[in-house]
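Peer 1: can you look at this prediction? I've put the sequence above it.
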Amino acid sequence: MSEPQHFRITYNEVHNLIRESAKKIAEFKPDLFIAIGGGGFFPARVLRTFLKNPNTGKNIPIVAIGLSLYEALPGTSAEQIGAEVIRTQWLGPEGAKILIGRRALIIDEIDDSRKTLQYAVSELQNDVEKELLALPESERDGKRTEFGVFVVHNKRKEKLGKLAGNLPYFAGEEIDDVWLDYPWEAENIEEHDRLAASQKST
């Protein structure tokens, strides 16, 4: 099998994609960011530069969840890698209580197979529903979390995971099915940027 084509993305390119995406995401009016680690951390922080809480004008808080699909982790088998989403970190000590009544935007770097996003949305929604059971039934609908998704890149390919058709979904850029090398994965950022520049000149 041939090596997949690699395409290098720079910090500036990611920053500018997020800046442009923020204009559309603002219509969703998020008041909480959920960053999927590790690829969603940098995009979430940059997005917070361009979007503020629609009600208070203050910074939007960022909470983290850790999910792994392709990484070899202790206790995982070769069969699980690429096939099963592994939870490595989940919200904080208050759990899903911090999600109640929020407009929460789930953020990741890329939508590849969609398995990770499907897992994140489904599990977070399940956690919210469990928390709502503690409220009077008359209050539950008004406190139900509204979720949306933002990815820097969406690969134009058949997806293995699914998202509800009415789920707000935002992508900074639609791309072909190539292997993206993000700058936060690079050990030598100067070499990464040099290779990224040479790709554009060819």
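Peer 2: Sure thing, it's come through. What you are looking at is a predicted structure, and each value in this text was computed from that prediction instead of being measured.
Peer 1: is residue 93 in a helix, a strand, or coil?
Peer 2: With DSSP: H, G, I helix; E, B strand; the rest coil as the basis, residue 93 sits in coil.
Peer 1: burial measure for it, as a count.
Peer 2: 6 (other CB atoms under 10 Å). Where you see a C-beta, it was placed from the backbone N, CA and C, and this is true even at glycine.
Peer 1: just list the residues touching it, thanks.
Peer 2: Listed by CB atoms under 8 Å, 6 or more residues apart in numbering, residue 93 has no contact partners.
Peer 1: now do it, the pLDDT please.
Peer 2: As predicted, residue 93 sits at a pLDDT of 72.
Peer 1: give the buried residues for the longest helix along the chain.
Peer 2: Longest helix in the chain, counting residues (DSSP state H): helix 115-132. In terms of neighbour count (16 or more other CB atoms under 10 Å), helix 115-132 has its buried residues at 115-121, 123-125, 127-128, 131-132.
Peer 1: mind giving me the packing neighbours of that helix?
Peer 2: strand 32-37, strand 62-68, strand 103-111, strand 146-155 (3 or more CB pairs under 8 Å, 6 or more residues apart in numbering; DSSP states H and E).
Peer 1: contacts for the following helix or strand past that helix, please.
Peer 2: Using DSSP states H and E, the helix or strand that follows helix 115-132 in sequence is helix 137-143. Residues outside helix 137-143 that contact it (CB under 8 Å, 6+ apart): 100, 101, 132, 135.
Peer 1: beta partners of residue 64?
Peer 2: residue 35 (DSSP bridges).
Peer 1: how many neighbours does it have?
Peer 2: Residue 64 - counted by other CB under 10 Å - has 17 other residues nearby.
Peer 1: who's in contact with it?
Peer 2: 34, 35, 36, 37, 41, 89, 91.
Peer 1: count the residues that sit near the fourth one.
Peer 2: As a burial measure, residue 37 scores 15 neighbours (other CB under 10 Å).
Peer 1: so which of the helices and strands packed on helix 115-132 is the most packed in?
Peer 2: strand 103-111 (a mean of 24; mean count of other CB atoms under 10 Å).
Peer 1: what's in contact with it?
Peer 2: 25, 28-36, 39-40, 42-44, 47, 116-117, 120-121, 124, 145-155, 159, 171, 180, 182.
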